[in-house]
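Colleague: Need a 3D model of the following:
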Amino acid sequence: MGTVNKVILVGKVVSEPDIRYISKTDDHLAQFNLATKEGVEHLLICRGAQALYVKDLVKSGTRLYIEGELEYTEQRHPQHKDCVWQRAQVRILSLQLIDAPDRPAYPEDIKKIDFRRKKPKG
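Modeller: A predicted model of the protein is given here:
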């Protein structure tokens, strides 16, 4: 039997997205929280061109429709190495701005754009 891993969320971005450039993988990472109802927040992540899309268009208060997959990461306590727990996050597969429904999250030409940071000469 196969498994299904699909998450659909509709909510409002709680705070400004955290966008990072990861030099080790030459990639961008975006993380932010989405509130789906009072007191319920979900950690969302995306990489690459999706992260740059989030950087440009997603702000605190933006309403989003998200489709993604649930991922679990293992966390360890810094002082107690035997204390381990799982943290759930949603990896974004697609997103739609609810406030601007005519603007799709992934236009076809986004694949043609090189989003990698240019390395300085010298």
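
Colleague: what about stretch 10-28, average pLDDT?
Modeller: The pLDDT scores in stretch 10-28 average 91.

Colleague: Please list the outside residues in contact with that stretch.
Modeller: Under the contact criterion C-beta atoms under 8 Å, 6 or more residues apart in numbering, stretch 10-28 has outside partners 29-37, 41-42, 47-48, 51-52, 54-55, 58-66, 98, 115-117. Quick note: C-beta positions are derived from backbone N, CA and C, even for glycine.

Colleague: beta partners for the spatially most central residue of the chain?
Modeller: The centroid of the chain falls nearest to residue 45 when counting by C-alpha atoms, centre = their mean (2.4 Å). Beta-bridge pairing of residue 45, defined through DSSP bridges, involves residue 31, residue 91.

Colleague: Under the pLDDT cut-off, which ranges of this structure? List them.
Modeller: The model of the chain has pLDDT under 70 over residues 1, 100-122.

Colleague: quick one, what contacts residue 62?
Modeller: Going by C-beta under 8 Å, 6+ apart, residue 62 touches 12, 13, 97, 99.

Colleague: Need those residues in CSV (columns: distance to residue 72, secondary structure and neighbour count).
Modeller: Converted to CSV, the contacts of residue 62 look like this (distance: C-beta to C-beta, whole Å; DSSP: H, G, I helix; E, B strand; the rest coil; neighbours: other C-beta atoms under 10 Å):
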residue, distance to residue 72, secondary structure, neighbour count
12, 25, strand, 16
13, 23, strand, 19
97, 28, strand, 17
99, 31, coil, 11
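
Colleague: Which of these sits closest to residue 77?
Modeller: Ranked by distance to residue 77 (C-beta to C-beta), these are led by residue 13 at 29.4 Å.

Colleague: Tell me which of the contacts of stretch 10-28 fall in strands.
Modeller: 29-37, 41-42, 47, 63-66 (DSSP state E).

Colleague: Go ahead and build a PyMOL selection from the buried members of the residues you listed.
Modeller: Buried subset of these, written as a PyMOL selection, criterion 16 or more other C-beta atoms under 10 Å:
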select buried, resi 29+30+32+33+34+42+64+66
